[in-house]
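[1] The following block contains a protein sequence and its predicted model.
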Amino acid sequence: MRKTAFLALLVVGLAGCATTAPSTYGNFTQSAPAAFNQTMADDAAKQLVAVYPPASTRFDLQHATPDAFGSSLVESLRAKGYALLEFKPAAPASAASAATDATATAGKPLRYILDQAESNLYRVTLLVGNQSLTRAYSAAQNGTLYPAGAWVRKE
């Protein structure tokens, strides 16, 4: 237990000290159960509500969300009352439609990274613009998931 707590603090600490953003976003867990994805997505949505009020915030997803965590996060954010622009790959467009798209997308850019440090330690990082929110989770032997630390916010 002590080793897991130390690793959780190390993972969260390293996430808070990172100076460059990763070039790839999404879910990088190999076999996280669907219940874990739902739990982490619901918790992430609660944290976003605490930091960014739903009534006055719109998020623009910056990458596709085909995985279980991404789908759950989108569903949770919409249930909380956020306006959400889902990711659409860039396609060649005319100058007029590009100008319209630029004015229509005035929301906060949102990206996420879900990765796994050990077989029972997960980390969620939400990137909103230039800020990040990170939290580690630990899976107990009985199949439940619980936070392994507090949310860390880097501005």
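    Nice, I can see it.
[2] what helices or strands is the longest strand belonging to the chain leaning on?
    The residue-count maximum for a strand in the chain (DSSP state E) belongs to strand 108-118. Applying 3 or more C-beta pairs under 8 Å, 6 or more residues apart in numbering; DSSP states H and E, we find strand 108-118 packed against helix 2-17, strand 26-27, helix 34-51, strand 58-61, helix 68-79, strand 121-128. Just so you know, the C-beta spots here come from the backbone N, C-alpha and C atoms, and that holds for glycine as well.
[3] Of those, which is nearest Ala136?
    The closest of the helices and strands packed on strand 108-118 to Ala136 is helix 2-17. By C-beta to C-beta, the value is 4.2 Å.
[4] State the mean pLDDT of that closest one.
    Helix 2-17 shows a mean pLDDT of 49 in the predicted model.
[5] Likewise for stretch 136-151?
    Throughout stretch 136-151, pLDDT has a mean value of 92.
[6] Please tell me how far it is from the chain's geometric centre.
    Centroid displacement of stretch 136-151 relative to its chain, using C-alpha atoms, centre = their mean, to the nearest Å, is 16 Å.
[7] and the end-to-end length of it?
    8 Å (C-alpha to C-alpha, to the nearest Å).
[8] again, but for stretch 140-155
    Terminal-residue distance, stretch 140-155 (C-alpha to C-alpha): 31 Å.
[9] Thanks again, I'm all set now.
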